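> after the sequence you'll find the predicted model.
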Amino acid sequence: MKRRIRKPRKTPAVSTASLPDIIFILLFFFMVVAVIKNQDLLVEVQLPVASELEEIKRSETVNHIYIGYPKISSTKSKLSGPKIQLNDAFAEVDEIGQFVRANPDNALTMLKVDEAATMGLITEVKTALRKANRLKLNYAALQGMKN
Amino acid sequence: MNIKKRGNAPSINASSMADVAFLLLIFFLVVTTIDVDKGITVKLPPWCEGPDCVTEAPNSQILSIKVNAANQLLVKGTEIEIGALKERTKQYLLEKEKKSIISLQNDRATNYDTYLAVYNELKAAYNEVWEQEAFKQYGEAYERLGTDQKREIRKIYPQVISEAESSDFSFVPAS
């Protein structure tokens, strides 16, 4: 008997024609999702670590207040203590009221404070927020366990 | 004259489209920060001037916590390590239930790091007490309860953390 030996069939090449489309979809996804940070921090902010954190909803209006030591490192700036940054400039405590009033009453204030800062300035900021009736406050922190 | 026949317009080679898209994709991948901001949420008391906004509570009821400039803790007059604060607070909450009031005082020179660590411990104590109560009453984790059930539990152990205005104080144990 004669047997026919089958030739091994070549597997057909996968069509890559749709690859650009897939990549484009991914690209659009990331373009939409991307939040390009355009804020320059003038102060050094190393967030503290805490475990009982809550996420902030994307829908919420948030005022960001940064507190830390100025980045331009000189012993003089270290001695003068932590500074407040609102938007793109240094600010004093009495400018905070005006700053937070730009957003509605139920806006959340996010305090991004350097862990080395002292409470004196933060207490003043808190008082200013209370006077401006912006009572929802969030201390930004990194998730983790303190040891 | 010779009129040239127009051929089909040459098609653009699109094989490099994928590469271009890839480059853009990688750029956005690198630039994107998807992580959301997280932090400890606090509700500040409304600003109020005058003597009638101060609510007095008997000293014996309050769990007073003081943090001094050297970041040391004083709970009801006894010095305590921060690691022991959560247990101490839980014990207090379970004992006092509805009547619990925590007073937190800090010095102007207290480190923010320490302050937040203390606040974190207090929050953790509340969370654990609520968790216990949720299991006792409903047999479920606190997170999975409905809003009404959560409110019931918060009624038993209300979160009252009062932060004193005075920010300059000497480390004198309260009686």
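Great, that's in hand.

> use CA for all of it now, contacts and neighbours both
Noted.

> tell me where chain A has strands.
Counting by DSSP state E, chain A has strands at residues A:43-44, A:49-50, A:54-55, A:62-70, A:83-86, A:89-91, A:108-113, A:136-140, A:142-143.

> now these as a markdown table including mean neighbour count, distance to chain B and mean pLDDT?
Output for the strands of chain A, formatted as a markdown table (neighbours: other C-alpha atoms under 10 Å in any protein chain shown; distance: least, C-alpha to the nearest C-alpha, whole Å; pLDDT from 0 to 100):
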| stretch | mean neighbour count | distance to chain B | mean pLDDT |
| --- | --- | --- | --- |
| strand A:43-44 | 20 | 14 | 83 |
| strand A:49-50 | 23 | 6 | 88 |
| strand A:54-55 | 14 | 5 | 84 |
| strand A:62-70 | 22 | 10 | 87 |
| strand A:83-86 | 22 | 14 | 87 |
| strand A:89-91 | 14 | 19 | 84 |
| strand A:108-113 | 23 | 8 | 89 |
| strand A:136-140 | 22 | 4 | 89 |
| strand A:142-143 | 16 | 7 | 86 |
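
> for chain A, see how far away B:Pro58 is.
B:Pro58 is 25 Å from chain A, where distance means C-alpha to the nearest C-alpha, to the nearest Å.

> hang on, the earlier thing: go through the strands of chain A and name the closest to B:Glu143.
strand A:54-55 (12.2 Å; C-alpha to C-alpha).

> list the residues that contact A:Leu121.
A:82, B:108 (C-alpha atoms under 8 Å, 6 or more residues apart in numbering or on different chains).

> circling back: so which of the strands of chain A comes closest to A:Ala17?
Between the strands of chain A, strand A:54-55 lies closest to A:Ala17; by C-alpha to C-alpha that is 41.5 Å.

> that closest one pairs with which strands, and in what direction?
strand B:38-43 (antiparallel) (DSSP bridges).

> quick revisit: mind checking which of the strands of chain A is nearest B:Ile156?
Per C-alpha to C-alpha, nearest to B:Ile156 of the strands of chain A: strand A:54-55, 22.0 Å.

> give me the phi and psi angles of B:Val20.
Here is the backbone geometry of B:Val20 (degrees, to the nearest 10): phi -60, psi -50.

> buried stuff in the host helix or strand of B:Lys155?
Using DSSP states H and E, B:Lys155 sits in helix B:147-156. Within helix B:147-156, the residues scored as buried using 16 or more other C-alpha atoms under 10 Å in any protein chain shown are B:153-154, B:156.

> centre of the chain versus it, how much separation?
Centre-to-centre, helix B:147-156 and its host chain are 19 Å apart (C-alpha atoms, centre = their mean, to the nearest Å).

> need the next SSE after that helix, C-terminal direction.
Using DSSP H and E, the helix or strand that follows helix B:147-156 in sequence is strand B:161-163.

> I'd like to know which elements that following strand is packed against.
Helices and strands touching strand B:161-163, as assessed by 3 or more C-alpha pairs under 8 Å, 6 or more residues apart in numbering or on different chains; DSSP states H and E, comprise strand B:101-106.

> may I have the strand it packs on exported as CSV, CA atoms only?
Below are the C-alpha coordinates for strand B:101-106, written out as CSV (Å, rounded to 0.1, in the frame of the first residue of the first chain):
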residue,chain,number,x,y,z
ILE,B,101,-14.7,62.9,73.5
ILE,B,102,-11.1,63.0,72.4
SER,B,103,-9.2,66.2,72.8
LEU,B,104,-6.1,66.7,70.8
GLN,B,105,-3.6,69.4,71.6
ASN,B,106,-0.4,70.1,70.0
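
> what mean pLDDT does it get?
Strand B:101-106 carries an average pLDDT of 86.

> so is the helix or strand that comes right after that strand next to chain A?
Next helix or strand after strand B:101-106 toward the C-terminus (DSSP H and E): helix B:112-138. Yes - using C-alpha under 8 Å from any C-alpha of the partner chain, helix B:112-138 reaches chain A at B:112-113, B:115-117, B:120, B:123-124.

> can you list the helices and strands that helix B:112-138 packs against?
strand A:49-50, helix B:85-96, helix B:147-156.

> columns distance to A:Ile25 on top of the strands of chain A, output as TSV?
Output for the strands of chain A, formatted as TSV (distance: least, C-alpha to C-alpha, whole Å):
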stretch	distance to A:Ile25
strand A:43-44	37
strand A:49-50	37
strand A:54-55	28
strand A:62-70	30
strand A:83-86	37
strand A:89-91	38
strand A:108-113	34
strand A:136-140	33
strand A:142-143	32
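
> out of the ones you listed, nearest to B:Val36?
Between B:Val36 and the strands of chain A, the shortest gap by C-alpha to C-alpha is with strand A:54-55, which sits at 6.9 Å.

> isn't there a strand covering B:Leu63?
Yes - read with DSSP: H, G, I helix; E, B strand; the rest coil, B:Leu63 is one of the residues of a strand.

> mind checking how far the residue nearest to it when sequence neighbours are not counted is from A:Leu27?
Sequence neighbours aside, B:Ile102 is the residue nearest to B:Leu63 in space, at 4.8 Å (criterion: C-alpha to C-alpha, 6 or more residues apart in numbering or on different chains). Distance of B:Ile102 to A:Leu27, computed by C-alpha to C-alpha, to the nearest Å: 51 Å.
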